[in-house]
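*Asks:* Sequence and predicted model, in that order:
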Amino acid sequence: MLPAYLSISDVLYAADVCYRVQTEKDTGWVTIVSLGIKRLDATVKDTYIPFEGLPDWFQGRLAVLSLLENDAYLEGVGHKANDNEFYSTFWVIEPSNL
């Protein structure tokens, strides 16, 4: 749960790396865009077909996020915007306060 003074955009903006994940239910495509300060170090390719083509660690994060309600945030994992859009965040050093 986010502290009341933080918005999800605060967290996504402050993360060292944030992956925006868009899923297409009809085609099975998963599109990933790497955002953030350390984005050049990203180890995830742009598009995977199908979901099983994702690295195991990333599949796990998306599986957890998919269980959340829309517009929900889970600390250390990321944010579920809706059933087809997720943001997974990573920190080089965990922030003590933003």
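*Replies:* Noted; the coordinates are in hand.

*Asks:* For this protein, just list every one of the helices.
*Replies:* In order along the chain, the chain carries the following helices (DSSP state H): 8-14, 56-66.

*Asks:* Of those helices, which shows the lowest average pLDDT?
*Replies:* Among the helices of the chain, helix 8-14 carries the lowest mean pLDDT, a mean of 63.

*Asks:* Name the spans of the chain whose pLDDT lies under the cut-off.
*Replies:* Applying pLDDT under 70 to the chain picks out residues 1-16, 36-49, 90-98.

*Asks:* count of residues packed around residue 89?
*Replies:* Neighbourhood size, residue 89 [other C-beta atoms under 10 Å]: 23. (C-beta placed from N, C-alpha, C; glycine too.)

*Asks:* Hmm, residue 74 and it touching each other?
*Replies:* No: with contact defined as C-beta atoms under 8 Å, residue 89 does not reach residue 74; the gap is 9.9 Å.

*Asks:* got the residue ranges for the strands in this protein?
*Replies:* Under the criterion DSSP state E, the chain contains strands at 17-23, 30-35, 47-48, 72-74, 78-82, 85-90.

*Asks:* Output those strands in CSV; the columns should cover distance to residue 58.
*Replies:* Listed next are the strands of the chain as CSV, based on distance: least, C-beta to C-beta, whole Å:
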stretch, distance to residue 58
strand 17-23, 8
strand 30-35, 8
strand 47-48, 9
strand 72-74, 15
strand 78-82, 11
strand 85-90, 7
